[in-house]
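J.: Compute the structure for the input listed below.
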Amino acid sequence: MPKTDTVYMRIEPMLKANAEMVLSTLGLTPNEAITIFLKQVVLQRGLPFAVKIPPMTKAEAKEVFFEKVKEAEESFENEERLTLKELKEKLGV
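T.: Numbers count the residues shown, from 1 in each chain. So this is what the prediction gives:
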């Protein structure tokens, strides 16, 4: 039998419970899932999945939109004149 190392981790109890529930549905223990993950890290020479910031929710996008509209209105009221290019840059478009 190969030698093994012990890994200790601190994790939020709710995250652990939810992950264990999903893993048990897949027929895996947390130990098996972590072993699979680490083997994939070695094979891929990095994380075996893309790490991205999730897209904005509709509510978040709406909030950003109205903030930008308010900025544009304030700019107009202050008689600040912008070119189309400057306006697009300011709005992040």
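J.: longest helix anywhere in this structure?
T.: Across the chain, the longest stretch assigned as helix under DSSP state H is helix 58-77.
J.: Report the angle between the worst-scoring helix or strand of the chain on mean pLDDT and helix 58-77.
T.: Within the chain, no helix or strand scores below helix 84-91, which has a mean of 80 by mean pLDDT, DSSP states H and E. For helix 84-91 against helix 58-77, the angle by axes from the mean of the first three to the mean of the last three CA atoms, to 10 degrees is 130 degrees.
J.: In the protein, which residue is most central in space?
T.: Taking CA atoms, centre = their mean, the centroid of the chain lies closest to Ile53, which sits 3.3 Å from it.
J.: Please report the confidence value the model assigns to Leu38.
T.: Reported pLDDT at Leu38 in the predicted model: 96.
J.: looking just at contacts, which helices and strands does the host helix or strand of it meet?
T.: Element membership of Leu38, judged by DSSP states H and E, is helix 30-44. Helix 30-44 sits against helix 13-25, with contacts defined as 3 or more CB pairs under 8 Å, 6 or more residues apart in numbering; DSSP states H and E. C-beta: built from backbone N, CA, C; applies to glycine.
J.: Counting by contacts, list what the helix it packs on packs against.
T.: Helix 13-25 sits against helix 30-44, with contacts defined as 3+ CB pairs under 8 Å, 6+ apart.
J.: what's the helix it packs on in contact with?
T.: Residues from elsewhere that reach helix 30-44, judged by CB atoms under 8 Å, 6 or more residues apart in numbering: Val7, Lys16, Ala19, Glu20, Leu23, Leu28, Leu47, Pro48.
J.: Without its sequence neighbours, what residue ends up closest to the second one?
T.: It stands for Lys16. Excluding its sequence neighbours, the residue lying closest to Lys16 (CB to CB, 6 or more residues apart in numbering) is Pro30, at 7.8 Å.
J.: what do you get for the fifth one?
T.: By the measure of CB to CB, 6+ apart, the closest residue to Leu23 outside its immediate chain neighbours is Ala33, 5.2 Å from it.
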